[in-house]
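1. quick one, structure for this:
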Amino acid sequence: MVGKIYDGLTPPTTIWEKPQKDGDCTLTTPRVPFCSTPCGGSAACVEDDTCLAYPTAHGAGTITMTGLTATSGSAPLELVLVSNTYQAPPSVPLAYPPFAEGDAISLTAKGDYFAAFNLSAKGIAPLALASGELALKTGEPLKVNWTKGNESSAKIHVKLDISHHGGSKGQIECDTSDSGSLSIGAGLVTKLLNLGVAGFPTVIVTRHTVGSTAIAPGRVELELSSTVEQGVTIDGLKSCTDKADCPSGQECQTDLTCK
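-> Sure thing, here's the model as predicted:
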């Protein structure tokens with residue numbers, strides 16, 4: 001459990017563009033802007049020769065959460081503010097999971113630098129993937145299965161990145177309902193494979209609910225999430241961390257592939 005409230009958005013240093021959409025899924029490719037004059041440590045290069053300052057975190061006074069279960073029972077939980085980051089107090093061990101699916105989880109901030117606000121979201125069930133080995137193949141869809149949840153407000157986010165250890169060439173992201181299954185189209189899969197691969201490719205699946213409200217600087221969100229990351233296999237790809245992982249005569253490359 002962690003929370004932070006900034007006075008603005010964190011500048012993106014990678015621009016994901018050229019979207020290609022198929023159903024609930026979108027393939028994008030990265031572009032890293034270049035600033036001829038360095039932005040320094042207090043700002044980021046967000047577009048060619050354009051710097052944007054990093055936001056600053058501040059407090060919103062005492063924040064209390066209700067609906068959570070500690071190992072000793074249920075009670076309102078007052079979060080601890082350390083370096084403008086809200087955390088659960090170490091003296092209150094939470095149960096796992098700390099709420100049941102459908103439970104009302106509420107957060108109340110009394111206000112300080114930021115004005116007082118209230119947030120709420122519904123509890124979710126821990127995510128459990130039902131897929132066996134996930135294999136990416138040219139010309140074939142990728143089917144991802146999980147145990148369906150019962151909370152109607154929950155959504156599923158899927159991120160497929162098969163080149164992150166070599167400098168990402170592209171990614172597929174999907175936002176879909178918590179139906180228990182998703183098929184990523186063969187066309188998007190083929191295009192992603194053609195962009196290039198690196199060692200230890202993975203798919204990351206997240207179930208989440210989000211509650212939000214508006215304060216003067218912008219939007220504040222309470223997100224409850226459960227995430228599972230699973231490796232995927234690709235024909236001809238052998239991942240490695242050193243030479244011993246590779247077949248005889250091959251070396252472990254900087255992108256963690258055997259060649």
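2. correct me, but Leu129 touches Lys143?
-> No: here Leu129 does not reach Lys143: they are 11.5 Å apart, not a contact under C-beta atoms under 8 Å. From N, CA and C alone the C-beta is placed, and that goes for glycine too.
3. the more surrounded of those two?
-> Set Leu129 next to Lys143 and count neighbours by other C-beta atoms under 10 Å: Leu129 wins out with 15 against 11.
4. check the more buried one and give its pLDDT.
-> Leu129 carries a pLDDT value of 96.
5. what of the one 5 residues further on?
-> If you check Leu134, the pLDDT there is 94.
6. for it, give me its contacts.
-> Taking C-beta atoms under 8 Å, 6 or more residues apart in numbering, we find Leu134 in contact with Leu142, Val144, Val203, Gln230, Gly231, Val232, Thr233.
7. bridging residues for it?
-> Val232 (DSSP bridges).
8. return the distance of it relative to Asn194.
-> 19 Å (C-beta to C-beta, to the nearest Å).
9. quick one: which two of the contacts of Leu134 are the most distant?
-> Greatest spatial distance among those (C-beta to C-beta): Val144 and Thr233, at 13.9 Å.
10. between these two, which is the more surrounded one?
-> Legend: neighbour count by other C-beta under 10 Å for Val144 and Thr233, higher for Val144 (23 against 12).
11. any idea how far that one lies from Asn150?
-> Separation of Val144 from Asn150 (C-beta to C-beta) stands at 19 Å.
12. same question for Pro141.
-> Distance, Pro141 to Asn150, using C-beta to C-beta: 27 Å.
13. remind me which residues of the stretch 101-250 of the chain are low pLDDT?
-> By pLDDT under 70, the stretch 101-250 of the chain has no low-scoring segment.
14. what number of residues lie near the nearest residue to Pro12 once chain neighbours are set aside?
-> Distances taken as C-beta to C-beta, 6 or more residues apart in numbering place Val46 nearest to Pro12, at 6.3 Å, with adjacent residues excluded. By other C-beta under 10 Å, the residues close to Val46 number 16.
15. please identify the helix or strand for Val46.
-> Using DSSP states H and E, Val46 sits within strand 43-47.
16. and that strand, what other elements does it pack with?
-> Applying 3 or more C-beta pairs under 8 Å, 6 or more residues apart in numbering; DSSP states H and E, we find strand 43-47 packed against strand 50-53.
17. what does the strand it packs on contact?
-> Pro11, Pro33, Cys35, Thr37, Cys39, Gly40, Ser42, Ala43, Ala44, Cys45, Val46.
18. isn't the fourth one right up against Asp49?
-> Yep, that's Thr37 we're talking about. Yes: using C-beta under 8 Å, Thr37 makes contact with Asp49 at a distance of 7.3 Å.
19. out of the contacts of Leu134, who's nearest Lys159?
-> For the contacts of Leu134, the nearest to Lys159 is Val203 (7.1 Å; C-beta to C-beta).
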